[in-house]
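**Student:** Based on what follows, work out the 3D shape:
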Amino acid sequence: MKNVSKKVIGAGGIVRGIQNHGVRELPHFFKAKQTDQEGNRYYLRGRFVSIYFDSSPSVLKEVQVELSMSEDVLRQTALRPRDKLAVVNGKNPKKNPYLARALEEELGKEKKGEAGLFDTNLKFF
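**Tutor:** Model (predicted):
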């Protein structure tokens with residue numbers, strides 16, 4: 001993930017967050033290129049990691065090529081986020097200090113009577 005982050009930042013992109021989802025059972029067996037010390041030829045478990053970043057399509061292509069060439073990566077997928085706030089380490093303010101600060105500012109504006117980012121009474125056309 002460090003190499004991917006450096007590539008994104010070096011090309012002018014922004015890394016929004018990295019989440020380690022832990023070691024889990026894989027949905028199906030992946031064949032290993034070489035046997036391990038016990039002689040196993042298949043991967044049964046794997047570490048799932050998500051990296052959220054903003055970049056140009058050319059940088060995305062470079063990242064995909066680098067991940068596909070890495071022996072440590074079994075499969076990679078690029079997805080667009082549904083929600084801009086969801087990509088920054090989740091919507092939990094305890095895990096995301098930036099979101100916590102934004103919510104505090106919004107609560108302060110609501111108390112003062114100012115319109116904020118999360119004001120549901122605003123209509124956009």
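
**Student:** can you point me to the longest strand in this protein?
**Tutor:** Taking DSSP state E as the criterion, the chain has its longest strand at strand 14-31.

**Student:** angle of the very next helix or strand once past that one against strand 14-31?
**Tutor:** In the C-terminal direction, the helix or strand that comes right after strand 14-31 (DSSP states H and E) is strand 42-54. Using axes from the mean of the first three to the mean of the last three CA atoms, to 10 degrees, one finds that strand 42-54 and strand 14-31 are set 160 degrees apart in direction.

**Student:** for strand 42-54, packing partners?
**Tutor:** helix 2-10, strand 14-31 (3 or more CB pairs under 8 Å, 6 or more residues apart in numbering; DSSP states H and E). C-betas here are computed from N, CA, C, even on glycine.

**Student:** I'd like the next helix or strand past it.
**Tutor:** Past strand 42-54, the next helix or strand by DSSP H and E is helix 57-69.

**Student:** now what about that next one, what contacts it?
**Tutor:** 3, 4, 7, 8, 11, 12, 13, 55, 73, 76, 78 (CB atoms under 8 Å, 6 or more residues apart in numbering).

**Student:** quick one: contacts for residue 74?
**Tutor:** For residue 74, the contacting residues are 26, 30, 43, 46, by CB under 8 Å, 6+ apart.

**Student:** and the closest residue to the second one other than its chain neighbours, how many neighbours does it have?
**Tutor:** Read it as residue 30. Of all residues not flanking residue 30 in the chain, residue 43 sits nearest, at 4.3 Å (CB to CB, 6 or more residues apart in numbering). If you count neighbours by other CB atoms under 10 Å, residue 43 ends up with 14.
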